[in-house]
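Enquirer: Show me how the following folds:
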Amino acid sequence: MKDLFSRQRKKAVVLGAGGMGTAIAGGLLRYGAKVMLADRDKEGLERSSAALMKQGYKSVVTHTVDATDEKSVQKLVDDAAAEFGRVDILVNALGYNFKAHATEFPMDEWDKLMAINVKAVMLACKLFGAHMIEQGGGKIINLSSVRDDRGALGGNAGYCATKGAVKMITKQLGVELAPYKVYVNALGPIITITPMTQERIKQDSSRYERMLLNVPMGRMADVEDLVGPAVFLASAASDFITGTTLYVDGGMMAYA
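Expert: Residues are numbered from 1 along each chain as shown. Predicted coordinates:
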């Protein structure tokens, strides 16, 4: 009987070496995949790689990339294919947030949000998707958010807009690429505790305490909460699922 969750001999690229990206990379390594971590931040890549090596994972390759630049992403695809022979799994774990009141939102920050959270996701889906079509199939996992469907307390117009776009990119590419056995899904977590979010949560604790009133499980997500869902979407267990967002939210979407 086929092991539905084994990723033995599968090759993965995780784009975004922050807290969520590193945790998901660790999960894929745990189930037997070879992983390339890619990010613009070389020092961040080194920290993430070192953290994974400390956990005992040896088959971690790193690659610097500007995910908003098509030539840079194409080089990532080419180098990953040369390194591994093929890429079976792409995880788009890049993310950026900036908060400002809607009537005062700086457009340079709006453009940065769109570039990192939307353009980079689409570029990776486009170029890795083409590679996967050529090789006969693959899995793409985008990182969305509960904010792709639900508004938030003031300041999130830009972030919510980008995550709504990611949700629809996921749906549309799930439809377009399904005939080629390239399956595209997304994870939609609530606020997740990472090095990037930890300080913000601490500085505005009352805001996040109010948010937790709408979370039946009564806590924020931890990066490890994303590992099982990511492995599921990367595995044969999800071979009849595409174009959907799996919410990792402690029950928020069912309740709020």
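Enquirer: Which residues are in contact with R30?
Expert: Taking Cβ atoms under 8 Å, 6 or more residues apart in numbering as the definition of contact, the neighbours of R30 are 57, 227, 231. For every residue, glycine as well, the C-beta is placed using N, CA and C.
Enquirer: what's around the second one, how many residues?
Expert: Just to be clear, that refers to V227. 20 (other Cβ atoms under 10 Å).
Enquirer: ranges for the strands of the stretch 51-200 of the chain?
Expert: Remark: strands of the stretch 51-200 of the chain, listed N- to C-terminal, are 60-64, 89-92, 138-143, 182-189, 192-193; assignment by DSSP state E, counting those that start in this stretch.
Enquirer: Is it possible to get a markdown table of those strands that adds mean neighbour count?
Expert: Listed next are the strands of the stretch 51-200 of the chain as a markdown table, based on neighbours: other Cβ atoms under 10 Å:
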| stretch | mean neighbour count |
| --- | --- |
| strand 60-64 | 18 |
| strand 89-92 | 28 |
| strand 138-143 | 27 |
| strand 182-189 | 26 |
| strand 192-193 | 18 |
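Enquirer: Can you say which of those strands is nearest to N214?
Expert: Evaluated with Cβ to Cβ, the strands of the stretch 51-200 of the chain place strand 182-189 nearest to N214, the distance being 14.4 Å.
Enquirer: give me the low-pLDDT residue ranges for this protein?
Expert: 1-2, 7, 196, 256 (pLDDT under 70).
Enquirer: re earlier: reformat the strands of the stretch 51-200 of the chain as JSON lines; add distance to L212.
Expert: JSON lines is the format used below for the strands of the stretch 51-200 of the chain (distance: least, Cβ to Cβ, whole Å):
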{"stretch": "strand 60-64", "distance to L212": "34"}
{"stretch": "strand 89-92", "distance to L212": "27"}
{"stretch": "strand 138-143", "distance to L212": "21"}
{"stretch": "strand 182-189", "distance to L212": "14"}
{"stretch": "strand 192-193", "distance to L212": "12"}
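Enquirer: Out of those strands, which gets nearest to G164?
Expert: Checking the strands of the stretch 51-200 of the chain against G164 by Cβ to Cβ gives strand 182-189 as the closest, at 11.1 Å.
Enquirer: now the closest one and strand 138-143, what's the angle there?
Expert: Regarding strand 182-189 and strand 138-143, their directions subtend 20 degrees when assessed with axes from the mean of the first three to the mean of the last three Cα atoms, to 10 degrees.
Enquirer: State the paired neighbours of strand 182-189 in the sheet, together with their directions.
Expert: Using DSSP bridges, the strands paired with strand 182-189 in its sheet are strand 138-143 (parallel), strand 245-248 (parallel).
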